[in-house]
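**Q** Provided below are the primary sequence and the corresponding predicted coordinates.
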Amino acid sequence: MSEKKLALIATKGTLDWAYPPFILASTAAALGYNVTVFFTFYGLQLLRKDLNLKVSPLGNPGMPMPMGMDKWFPVLGTAIPGMETMMTGMMKQKIKKKGVASVQELRDLCIEAEVKMIGCQMTIDLFDMKSEDFIDEIELGGASTFFEFAGDADVQLLI
Amino acid sequence: MSEKKLALIATKGTLDWAYPPFILASTAAALGYNVTVFFTFYGLQLLRKDLNLKVSPLGNPGMPMPMGMDKWFPVLGTAIPGMETMMTGMMKQKIKKKGVASVQELRDLCIEAEVKMIGCQMTIDLFDMKSEDFIDEIELGGASTFFEFAGDADVQLLI
Amino acid sequence: MSEKKLALIATKGTLDWAYPPFILASTAAALGYNVTVFFTFYGLQLLRKDLNLKVSPLGNPGMPMPMGMDKWFPVLGTAIPGMETMMTGMMKQKIKKKGVASVQELRDLCIEAEVKMIGCQMTIDLFDMKSEDFIDEIELGGASTFFEFAGDADVQLLI
């Protein structure tokens, strides 16, 4: 029986959306999947050496707010200066308190589990990013690189 | 010929993004697919007994606004207090007027069609949610539970 | 050996999120894939004859901001009137300067490469859109139309 394959595309660069690709990739790797993740668009932020991800409650009324806060700051409250920093701090604290791994730890876990990570060259060029800002464990490629492995993968997901 | 299988991950918890998972799941079930949906992150909101979903125009300039409203409230307008509630009401009204099923009705349809729904235990723990707030028809599980059925599914999508 | 098949669902209607479906579709078509894209929800905006897409930094702290701008306009800055228009202009300019194709050009490329595009009839009805506002090269259909080709596709992704 051949090994199962998982192909992910990670397109988002916020603290909350950093979890799905790294959780899915590390879980699948632990289950014996051969995993490749293509990081493109805002998802490139997840490959930075210096991870500085933020979470925003703006435009996401699906986010559970700390007790009663949504009563005090209805909608506009989520746009007041400092709210993004505060929510980011609260989410990080909650994650730590609950014993959930940090994004950094999950990424390290993926590297140890030999998850293949590919950064999108076009995005790097478009936003004038510097390749030395990214971790060393990645390769660079384009959408055609993605299809090389996705075409034969058992599971493909875009996050 | 064996039955087709659909595996969905529902990660969003707003009124508008509640439609894709329930529409895709109920349609596939009607076509004879065996369907499993894994609800995680903000998607857990879709499993609450008391559905109280909202829609936000914030950060989504792709949302069609009621006639001329975008001329009167350019960008910032979408952040004024009450706008989220108003847009939620307008969307619910429009959906009803057009004869489109409500999220509640679509969810009931999925239950009747024996769509299997799994709530993410880690999300419940992380956000201190109470399992009694969720409908009885669900099971709880983790990312590895998702791969159990996604690995053999014909179609997998993350919403 | 039979041809590979790609099935995409395009659900977003902003300038930035217009790129992934058209880039993935045109790249796959160039690699010899048979490609079908189902445009639904806000994704219908991508099929308009008169493309007028915008990008919003609101609620997306993962978006790289122009030099230092995030220091001057922390969070609320992204909500000031005119910011959306400014960011849209800056992104279009950057894309042009970098020699990346416009959304219009990528869509034309997809049409030339015989990518099959399907507009969601339910969305059109729901938002009172006019079918004459859309390009002629599309067909109309529903979620069941999507499963007709997705059920046998090698790669399926929801954007």
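**A** Great, that's in hand.
**Q** Now for A:I95, how many residues are close by?
**A** 17 (other CB atoms under 10 Å in any protein chain shown). Quick note: C-beta positions are derived from backbone N, CA and C, even for glycine.
**Q** Compute the distance between it and A:Y19, please.
**A** 9 Å (CB to CB, to the nearest Å).
**Q** Ranking helices and strands of chain A by mean pLDDT, which lands last?
**A** helix A:69-72 (a mean of 44; mean pLDDT, DSSP states H and E).
**Q** what's the following helix or strand after that helix?
**A** helix A:83-97 (DSSP states H and E).
**Q** What score does A:T40 have for pLDDT?
**A** With respect to pLDDT, A:T40 scores 93.
**Q** Same question for A:A143.
**A** 92.
**Q** How about it, nearest residue that isn't a chain neighbour?
**A** In this structure, A:A143 finds its nearest non-sequential neighbour in C:T27, 4.0 Å apart by CB to CB, 6 or more residues apart in numbering or on different chains.
**Q** thought the one you found was touching A:T145?
**A** No: using CB atoms under 8 Å as the test, C:T27 is too far from A:T145 to be in contact (9.7 Å).
**Q** Looking at those two, which one has more neighbours?
**A** Higher neighbour count among C:T27 and A:T145: C:T27, with 21 against 17, using other CB under 10 Å.
**Q** Ramachandran angles for that one?
**A** Main-chain dihedrals, C:T27, degrees, to the nearest 10: phi -60, psi -50.
**Q** where's it relative to B:S144, distance?
**A** 32 Å.
**Q** same check, this time on A:G151
**A** 25 Å.
**Q** Same question for A:L47.
**A** For A:L47, the distance to B:S144 - CB to CB - is 25 Å.
**Q** same check, this time on A:L53
**A** Counting by CB to CB, the gap from A:L53 to B:S144 is 25 Å.
**Q** more neighbours, those two?
**A** A:L53 (21 against 11).
**Q** Quick check: which ranges of chain A have low pLDDT?
**A** A:1-2, A:56-84, A:86 (pLDDT under 70).
**Q** residue of it with the smallest distance to chain C?
**A** Proximity of chain A to chain C (CB to the nearest CB) peaks at A:G13, 2.6 Å away.
**Q** what's the burial count for that residue?
**A** With other CB under 10 Å as criterion, A:G13 counts 23.
**Q** ok, now the one 5 residues further on?
**A** A:A18 is surrounded by 25 other residues when neighbours are defined as other CB under 10 Å.
**Q** Kindly report the same for A:M90.
**A** 14.
**Q** Please determine how far it is located from chain B.
**A** Per CB to the nearest CB, to the nearest Å, A:M90 is found 11 Å from chain B.
**Q** could you measure that residue against A:K97, distance?
**A** Taking CB to CB, one finds A:M90 at 10 Å from A:K97.
**Q** In three-state terms, how would A:A28 be classified?
**A** Classification of A:A28 by DSSP: H, G, I helix; E, B strand; the rest coil places it in helix.
**Q** which stretch of helix or strand covers the nearest residue to it once chain neighbours are set aside?
**A** Leaving aside its chain neighbours, A:A28 sits nearest to A:L6 (4.4 Å; criterion: CB to CB, 6+ apart). Under the criterion of DSSP H and E, A:L6 resides in strand A:5-10.
**Q** Partner strands of that strand, with direction?
**A** Sheet pairing here is set by DSSP bridges, and for strand A:5-10 it gives strand A:34-39 (parallel), strand A:155-158 (parallel).
**Q** Now do the end-to-end distance for stretch A:25-39.
**A** Stretch A:25-39 has an end-to-end distance of 12 Å (CA to CA, to the nearest Å).
**Q** now it, how far from the chain's geometric center?
**A** Stretch A:25-39 has its C-alpha centroid displaced from the chain centroid by 14 Å (CA atoms, centre = their mean, to the nearest Å).
**Q** and what of stretch A:46-59?
**A** With CA atoms, centre = their mean, you get 8 Å for stretch A:46-59.
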